[in-house]
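Enquirer: Sequence and predicted structure, then a few things I'm wondering about:
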Amino acid sequence: METREKLTDFLMITVGTVICAAAVFFFLIPSSLTVGSISGLAIILSNLIPLSISVITFILNVGLLLLGFLLIGREFGTKTVYTSVLVPAVLWILERVFPNNQSIMGDPFLDMICFLFVVSIGQTMLFVKNASSGGLDVVAKLLNKFFRMELGKAVSVAGMCVALSSAFLYDAKTVMLSVLGTYLNGIVLDHFIFGFDQKRRVCIMSSKLEELRQFILNDLHSGATIYESTGAYDNAPRKEIIVIVNKNEYSRLMSYVEKTDPKAFITVYAVSAVSYQPKPRDAK
């Protein structure tokens, strides 16, 4: 990986982590909400253990980090070492800069809504770089890897356990807001993730198939698959080329097809995940 790309990844992970920590501090802590995060569990435990939320978060993150490093892989674990330290560090700094932190919105429900959108942005920035903010994100990544569960749903399952545990210390309203917020967090996170890195499966039947193949291979630098097919109306043999592209590649491909063969027959499908073995030229 080039130095510039490494620096970009580092900056993106840093910004995403700071966003997650700030969302917890400014929206969850003042309202005692435990919306799907290890910091939410730390909020609960802070009522039972004489430690600050930042310290409890750090201790919990270290335990889950070791689990993620062993079961998910070195890349995920290495990146999450950094974020697992940065989250409690940012919380620790905010605790001292804003010692009398109060609810910004003045209402637990509005705090929950604001938290959902802000933290989902940070989590998405982390997940697309194969990292997490630690804690329950590690649990979600484990569920995603071993049970093929969508990340948003995995976050909801892990977070729901934490949200329900708040019933032992808080009133029914706080518990219900925590449960509702955890459920919505999964939905919003899926929306952000798929919108951030949406891929499409494009199927094209064209009389200019060879030109399209060359464009896909040499301009998009992507792979493709060509299938033999037969028209049901005239029994004529045809070929269909299929390619998986991201948003930018999709726009370029559609522009090229429209210019090269306006009569081409095209179908497009949304793709939520792609798993493949890179060819030598694709490998870093």
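Expert: Right, received. Where do you want to start?

Enquirer: For Leu142, see how far away Val81 is.
Expert: According to CB to CB, to the nearest Å, Val81 stands 17 Å off from Leu142. Glycine gets a C-beta too; all of them are placed from N, C-alpha and C.

Enquirer: ugh, wrong one, I meant Arg238
Expert: According to CB to CB, Arg238 stands 45 Å off from Leu142.

Enquirer: Gln123 now?
Expert: 15 Å.

Enquirer: Same check on Gly231?
Expert: Distance, Gly231 to Leu142, using CB to CB: 47 Å.

Enquirer: and if you look at Leu126?
Expert: 15 Å.

Enquirer: more neighbours, these two?
Expert: Higher neighbour count among Leu126 and Leu142: Leu126, with 23 against 19, using other CB atoms under 10 Å.

Enquirer: thought the more buried one was touching Ile13?
Expert: Yes. Counting by CB atoms under 8 Å, Ile13 is a contact partner of Leu126 at 6.2 Å.

Enquirer: in the stretch 1-150 of the chain, which spans are helices?
Expert: In the stretch 1-150 of the chain, the segments counted as helices under DSSP state H, counting those that start in this stretch are 3-23, 38-45, 53-71, 74-97, 108-127, 136-147.

Enquirer: Identify, out of these, the most deeply packed stretch.
Expert: Ranked by mean neighbour count under mean count of other CB atoms under 10 Å, the helices of the stretch 1-150 of the chain are led by helix 38-45, which reaches a mean of 26.

Enquirer: and the angle for that one with helix 3-23?
Expert: If you take axes from the mean of the first three to the mean of the last three CA atoms, to 10 degrees, helix 38-45 sits at 30 degrees to helix 3-23.

Enquirer: ok, for Ile226, nearest residue in space, not its chain neighbours?
Expert: In this structure, Ile226 finds its nearest non-sequential neighbour in Ile241, 5.1 Å apart by CB to CB, 6 or more residues apart in numbering.

Enquirer: Touching the helix or strand hosting the one you found from outside, list them.
Expert: Using DSSP states H and E, the element containing Ile241 is strand 237-246. Strand 237-246 has contacts (CB atoms under 8 Å, 6 or more residues apart in numbering) with 197-206, 209, 212-213, 216, 220, 222-231, 253, 271, 274.

Enquirer: check contacts around the closest residue to Val243 other than its chain neighbours.
Expert: Of all residues beyond its chain neighbours, the one nearest Val243 is Ala224 (4.3 Å), with distances taken as CB to CB, 6+ apart. Going by CB under 8 Å, 6+ apart, Ala224 touches Arg213, Ile216, Leu217, Ile241, Ile242, Val243.

Enquirer: Of the contacts of strand 237-246, just the buried ones, PyMOL syntax please.
Expert: A single PyMOL command is used to select the members of the contacts of strand 237-246 judged buried by 16 or more other CB atoms under 10 Å:
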select buried, resi 199+200+202+204+205+206+209+212+213+216+220+222+224+253
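
Enquirer: so how far is Phe109 from the closest residue to Phe27 other than its chain neighbours?
Expert: With CB to CB, 6+ apart as the criterion, Phe27 has its nearest non-adjacent residue at 3.7 Å, and that residue is Phe115. Distance, Phe115 to Phe109, by CB to CB: 11 Å.
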